[in-house]
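S.K.: Got a predicted model here, sequence first, then my questions.
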Amino acid sequence: MMHQSIATISSPEFINLQPLDINPLMSKCEIKVLYVGENRNHSYITKDVAADMAKTLRGAPIVGYYKEEKEDFADHGEQVIFDDEGIKFNCLTKPYGFVSPDAKVWFQEFKDTDEFGNEITREYLMTTGYLWTGQFEEAQRVIDKGNNQSMELDQATLDGHWSTNSQTGMDFFIINDAIFSKLCILGEDVEPCFEGASVTAPKVSSSFSKVDDDFKTTLFTMMQDLKFALEGGKDMEIENNEITEEIVTTEEPVAETEEIVEESSIETEETSIEESVEETLEADEEPVAEEEEIETEAAEEVSEEEESEDGEEETPSEEEDASSEEIEVEEPAEEEITESEEAAVDYQALYADLEKKYNELVEFKNQVEMKEKEDLINSFYMLSDEDKAEVRENIANYSLEEIEAKLSVICVRKKVNFDSEDKAKNENSIEEENSSVTTYNIADNGSALPAWVSACISTQNSIQ
């Protein structure tokens, strides 16, 4: 008879776990599930359908069929058995991990290269998961090297229909709805249906950050403004049209000015002729003594007539002045273009300054992360340098969580006695306290232990 345990009326006492309080024998992974559109198994999945299917990704198991002789995973592990009882189907895969219930799911574009060397841009459905690398050593290969991946759909809920592509004449099964039953790890020599589908260590998801998104948005805005300035902009075209209209309206008064100049020159000629006739009549009546004065006046009249004729010839010079005015009217357009070029230079300088600041921030961030990683590795003082060699070699590729998990697993495998370590630490602290004037007694209740040591102790106890 099974032992019975009945809950009491008292309220439960919940433990406040942090987001990173997870089993250290697991490793985080990143999965390229499928891409949108046509694929090699003659099925077709639209982006909207893939987004609906993505709601069933969380909690899906990550399985695989590992072969010891090849030291790699194989295919889906489907086995057909023929015996005297008939035909049986057997699945050789086993669970190696899962897609976490709080996993991120997103679309990401990648450039795939086909067998002919052509680059094809495809949009993949992405997610994150965990592999039990501490329990299954073969799963560590997926994190270290990466493997192909092929998703499997639940046949009972699969909904779709066949249709023919009018351009290629090929038949495709259009998937309308489906549920992910599992994600299968494939070997390097097994080609997945979706060429770039894979299970690897985190790559894209580890670069998600608000700083990066804001910087991308800023750069995009600056590039748009720079492109607008280099092309002149729509406002520039409007200003040029207004300038052209001003030139047209300016030419009309010039024509009126030419008519006025011509009329004034004719009136000048008539006036000079009348004056010369009157002066000639007066010359007949005056004495001979005044002949020299008359000749002088006649010479002045001739010069006035020449000047009036010159006035008629000045009309083309007025036209030249008008044309020069037209050229001067066009100068503001050149000034506007110069201003746009200066604005483009300013945007380029601002872009270079922002890029420099961004690189400095990234470098500072990397230095801080590297310092934290070094401190974390050094905190595992009970492990030798040889034990920590592999982690130090890949310190740039591993996150803080991965370093902590890997070193914790090594501690468990080497059966580090944390009780003795804690005892030695307490003895050292007691010796230091005895050397001082005041003595303190600290209860050995484990409250001062680091969180990762407590996790390792819990893991060791569970294994024992």
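M.R.: That came through, no problem. Numbering: from 1, shown residues only.
S.K.: Going along the chain, name the helices of the stretch 301-450 of the chain.
M.R.: Per DSSP state H, counting those that start in this stretch, the stretch 301-450 of the chain carries helices over the ranges 315-379, 389-393, 400-413, 418-434.
S.K.: Distance of residue 201 relative to residue 32?
M.R.: 13 Å (CB to CB, to the nearest Å). Where you see a C-beta, it was placed from the backbone N, CA and C, and this is true even at glycine.
S.K.: So these two - more neighbours on which side?
M.R.: Neighbours around residue 201 and residue 32, counted as other CB atoms under 10 Å, are more numerous at residue 32. The numbers are 25 against 20.
S.K.: Checking my notes, that one in a strand, right?
M.R.: Yes. Counting by DSSP: H, G, I helix; E, B strand; the rest coil, residue 32 is part of a strand.
S.K.: show me the contacts for it.
M.R.: Residues in contact with residue 32 (CB atoms under 8 Å, 6 or more residues apart in numbering) are 110, 124, 125, 126, 149, 194, 196, 197, 198.
S.K.: pretty sure the second one contacts residue 108?
M.R.: Yes. Here residue 124 lies in contact with residue 108, judged by CB atoms under 8 Å, at a distance of 5.6 Å.
S.K.: Kindly state the domain boundaries assigned to the chain.
M.R.: Domain assignment for the chain, taken from automatic domain parsing, gives 27-208, 234-345, 380-463.
S.K.: top strand in this structure by residue count?
M.R.: Secondary structure of the chain read by DSSP state E shows that its longest strand is strand 119-131.
S.K.: If you drop the residues flanking it in sequence, what lies closest to residue 157?
M.R.: Counting by CB to CB, 6 or more residues apart in numbering, residue 157 lies nearest to residue 179, which is 4.7 Å off, once chain neighbours are set aside.
S.K.: And for the one you found, the neighbour number?
M.R.: Number of residues near residue 179 (other CB under 10 Å) recorded here: 15.
S.K.: so it sits right up against residue 155, yeah?
M.R.: No. The criterion here is CB under 8 Å, and residue 179 misses it with residue 155 at 9.8 Å.
S.K.: Quick check: neighbours shared by the two?
M.R.: Joint contacts of residue 179 and residue 155 (CB under 8 Å, 6+ apart) do not exist.
S.K.: picking up where we left off before, arrange the contacts of residue 32 in a markdown table, one row each, with neighbour count, distance to residue 395 and pLDDT as further columns.
M.R.: Converted to a markdown table, the contacts of residue 32 look like this (neighbours: other CB atoms under 10 Å; distance: CB to CB, whole Å; pLDDT from 0 to 100):
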| residue | neighbour count | distance to residue 395 | pLDDT |
| --- | --- | --- | --- |
| 110 | 15 | 27 | 94 |
| 124 | 22 | 29 | 96 |
| 125 | 24 | 31 | 96 |
| 126 | 22 | 25 | 96 |
| 149 | 26 | 27 | 93 |
| 194 | 24 | 33 | 92 |
| 196 | 17 | 28 | 92 |
| 197 | 22 | 29 | 94 |
| 198 | 22 | 24 | 95 |
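S.K.: Before I go, just wanted to say thanks for your time.
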